[in-house]
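[1] I need the structure of the sequence given here:
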Amino acid sequence: MIPEKLHIMNHPLISHKISMLRSVGTDTRDFRDLVSEIGHLMGYEATRDLPLVETEIDTPLAHTRGKVLPHQVCLVPILRAGLGMVDAMLTLIPAARVGHIGLYRDPRTLKPVEYYCKLPTDVAQRIVLVLDPMLATGGSASAAISFLKARGASRIKMVNIIGAPEGVDVVQREHPDVDIYLGSLDEKLNDHGYILPGLGDAGDRLFGTL
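    Reported below is the predicted structural model:
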């Protein structure tokens with residue numbers, strides 16, 4: 001049974017593009033394009049419940065009322081791999097603010113270490129979408145969410161292309177109020193904390209630093 005706060009995408013286009021993303025034969029340019037395309041498709045689902053406000057509109061033929069977003073979204077990529085999803089999300093929500101959280105995983109302890117955090121001053125009033133292609137151990141995701149909550153954010157969603165059950169469990173245990181959107185829920189983590197079958201290191205493949 002899938003928990004209420006876990007949303008796994010089953011759209012054929014997302015599944016198709018994730019399969020291409022996994023392939024060791026996919027080069028840096030195509031990998032980068034695929035991450036952006038998947039992020040764009042996932043953005044529709046992750047923003048499905050954004051609140052709207054009514055406004056007055058004059059069309060060429062009549063006066064009417066419509067619904068618009070009140071410009072209250074903040075995108076927060078976890079550096080560095082999360083950067084690959086930002087532009088796609090901004091095409092959907094051009095008025096969104098963008099914050100950044102820099103974390104790296106200590107290779108010995110697998111624990112997240114913060115090295116950068118810059119957020120909009122009004123982040124507490126915004127719906128925050130935390131972006132990262134991978135949800136592996138869950139340590140970085142949980143730490144990023146904790147940083148956001150410490151600065152007053154209370155409406156937070158995680159958007160990940162691929163996730164492992166271990167990472168999902170950590171986020172749900174430590175932040176049961178946060179919705180998680182996954183393109184795929186994979187099998188497990190290996191002994192080095194990488195997702196299986198996964199796609200390797202998303203940051204290295206995005207930026208060609210293999």
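[2] CA only for contacts and neighbour counts going forward, please
    OK.
[3] how far does the strand ranked longest in the chain sit from the chain's center?
    Secondary structure of the chain per DSSP state E: the longest strand is strand 155-163. Taking CA atoms, centre = their mean, to the nearest Å, one finds the center of strand 155-163 at 4 Å from the center of the full chain.
[4] name the helices or strands packed onto it?
    Here strand 155-163 touches helix 28-46, strand 127-131, strand 134-135, strand 179-185, going by 3 or more CA pairs under 8 Å, 6 or more residues apart in numbering; DSSP states H and E.
[5] I figured Arg126 hits Leu75, correct?
    No - counting by CA atoms under 8 Å, Arg126 stays clear of Leu75, with 9.6 Å between them.
[6] list the contacts for Gly82?
    Residues near Gly82 by CA atoms under 8 Å, 6 or more residues apart in numbering: 131-133.
[7] Can you report phi and psi for it?
    Main-chain torsions, Gly82, degrees, to the nearest 10: phi -60, psi -20.
[8] measure it to Arg155 for me?
    Using CA to CA, to the nearest Å, Gly82 is found at 19 Å from Arg155.
[9] can you pull the pLDDT of the residue at the greatest distance from the centre of the chain?
    If you look at how far each residue of the chain sits from its centre, by CA atoms, centre = their mean, the farthest one is Leu61, at 40.7 Å. Looking at Leu61, its pLDDT reads 95.
[10] three-state assignment of it?
    Look at Leu61: counting by DSSP: H, G, I helix; E, B strand; the rest coil, its state is coil.
[11] quick one, phi psi at it?
    phi -120, psi -20.
[12] cool, the one 4 residues further on as well?
    Reported as degrees, to the nearest 10, the phi and psi values for Arg65 are phi -120, psi 150.
[13] Helix or strand: which one has the closest residue to it other than its chain neighbours?
    Spatial nearest neighbour of Arg65, excluding adjacent residues (CA to CA, 6 or more residues apart in numbering): Glu56 at 4.7 Å. Assigned by DSSP states H and E, Glu56 falls within strand 53-58.
[14] Could you list every helix and strand that that strand packs against?
    Counting contacts by 3+ CA pairs under 8 Å, 6+ apart, strand 53-58 is packed against strand 63-68.
[15] Just want the angle from the strand it packs on to strand 53-58.
    Going by axes from the mean of the first three to the mean of the last three CA atoms, to 10 degrees, strand 63-68 is angled at 140 degrees with respect to strand 53-58.
[16] Give the partner strands of strand 63-68 in its sheet and their orientations.
    Strand 63-68 has these partner strands in its sheet, going by DSSP bridges: strand 53-58 (antiparallel).
[17] Could you tell me how far the strand it pairs with lies from the centre of the chain?
    On CA atoms, centre = their mean, the centre of strand 53-58 falls 31 Å from the chain's centre.
[18] Which residues does it contact?
    Residues from elsewhere that reach strand 53-58 (CA under 8 Å, 6+ apart): 63-70.
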